[in-house]
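> structure of the sequence below:
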Amino acid sequence: MSTYDLLVVGSANADLVVAVDRRPGAGETVLGSDLVVHPGGKGANQAVAAARLGARTALLARVGDDGHGQLLRTSMESSGVDTSGVLVGGAPTGVALITVDPSGDNSIVVSPGANGRLTPDDVRAARELFAAAPVVSTLLEIPLDTVAEVARSLADGARLVLNPSPPAPLPDEVLAVCDPLIVNEHEAKVILGTEPGPDPEEWARQLLALGPRSVVITLGAEGALVADADGSERVASVKVKAVDTTGAGDAFTAALAWRLGTGERLADAAAYAARVGAAAVTKEGAQASYPTADEVATL
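From the prediction side, this is the model:
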C-alpha cells in the first residue's frame, strides 16, 4: 500500500489580492480594496485541495525563510498536507499579485522567488516521496528542467498529471508520460505552437499526436473534454454563482489526480473534479475556498 495518494511537485506562493471594480489596462491606474494575503501557488493549492477532500497528500516545493513561507507551511499542515518535502531557503517566498473584478475573474502576475530554486537535484533527493506515491502532479511555476526530472523520477506504474501553467513548449520526454495533460484553450495553443483546430475534439486529437497518453481540456462554464486513444467524451459543468475563480483550476487538477489514483475512469474523475472546481468558485480566495468531500456531495 502506498504511503500517499498524491505527491504534488510545484510552487508555493503568497497571494496578494486586491478587489477592483475593473482590471486596469496598459498604462492605467485604478483604486482597489484593502490588500488581503492568502496562502497560494499552484502546487500548494493542489496539495491543500486534495488533502481537504481526504487524500493522503505530500508536497515537494521550496519556500523562503520568511513570514510568507511560514504562512504557507501553517496552511498546508493545518489541512493535513505532509510538508516533509517542503524545502526552505535560497530566495524569498514566491508572490502572486492578483486583482479580482466583481465577476470573479482575475489577473495574476507571479514573482517566482524560491520556486525558481527548486532544482532537479531536489527532485532526485526526494526519491522516497516518489516511491510512495501512485500519482504525481506537477505544473510549470517551477523550472522546466525540474519538471523533466519529475517525469524521469516516477515510480514503476505511477501516473503523471501535468497542468502546463503558465504554458510553455514541452520536451517530448515529458509529453510522453503525461496521463493526462490538462490544458485550457490558451495553454493548448502554446503547447501546439499553432492555432488549435475548430473545436475541442480537434484540439485533443492534435495534442494526443504530440505523445501524451491522455488529455483533459477545460472549457470553463462548458465543462471539460477528456480524450485518449479510445476516443473523447464531454464532461458537463455544475452551474453555480461565481464569486472568485482564483485557484479553481488547481482544485480541479488536484481532485482529478486523486480520483485517478483510486482507479476511476478519466471521464468519471473529470466529472468529480468539475464539481470540486465549481464549489471552489463560490467562495473568496484559493485555499480558503476548497471544499471537503461532504461539501462536494451536496452540489
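
> how about the residue lying closest to residue 240 once chain neighbours are set aside, secondary structure?
Taking C-beta to C-beta, 6 or more residues apart in numbering, and ignoring the residues beside it in sequence, residue 240 has residue 278 as its nearest neighbour in space, at 4.8 Å. C-beta: built from backbone N, CA, C; applies to glycine. Judged by DSSP: H, G, I helix; E, B strand; the rest coil, the three-state class of residue 278 is helix.

> now swap in residue 232 and tell me
Remark: residue 232 carries the secondary structure label strand [criterion: three-state DSSP].

> tally of neighbours for it?
Residues contacting residue 232 under the criterion other C-beta atoms under 10 Å number 19.

> residues touching it, list them.
By C-beta atoms under 8 Å, 6 or more residues apart in numbering, the contact set of residue 232 is 201, 204, 225, 226.

> go again using 6 Å as the cut-off
Contacts were defined as C-beta atoms under 6 Å, 6 or more residues apart in numbering; by that measure residue 232 touches 201, 204, 225.

> look up how far residue 180 lies from it.
To residue 180, residue 232 is 12 Å away according to C-beta to C-beta, to the nearest Å.

> can you check residue 288 too?
Counting by C-beta to C-beta, the separation of residue 288 from residue 180 is 27 Å.

> okay, the two: which has more neighbours?
Neighbours per residue, other C-beta under 10 Å: of residue 288 and residue 180, the larger number sits with residue 180, 28 against 18.

> just confirm that one is within a helix.
No - residue state for residue 180 (three-state DSSP) corresponds to strand; a helix is not indicated.

> surely it and residue 215 touch.
Yes - taking contacts as C-beta atoms under 6 Å, residue 180 lies within contact range of residue 215: 5.5 Å.

> where in the protein is pLDDT low?
1 (pLDDT under 70).
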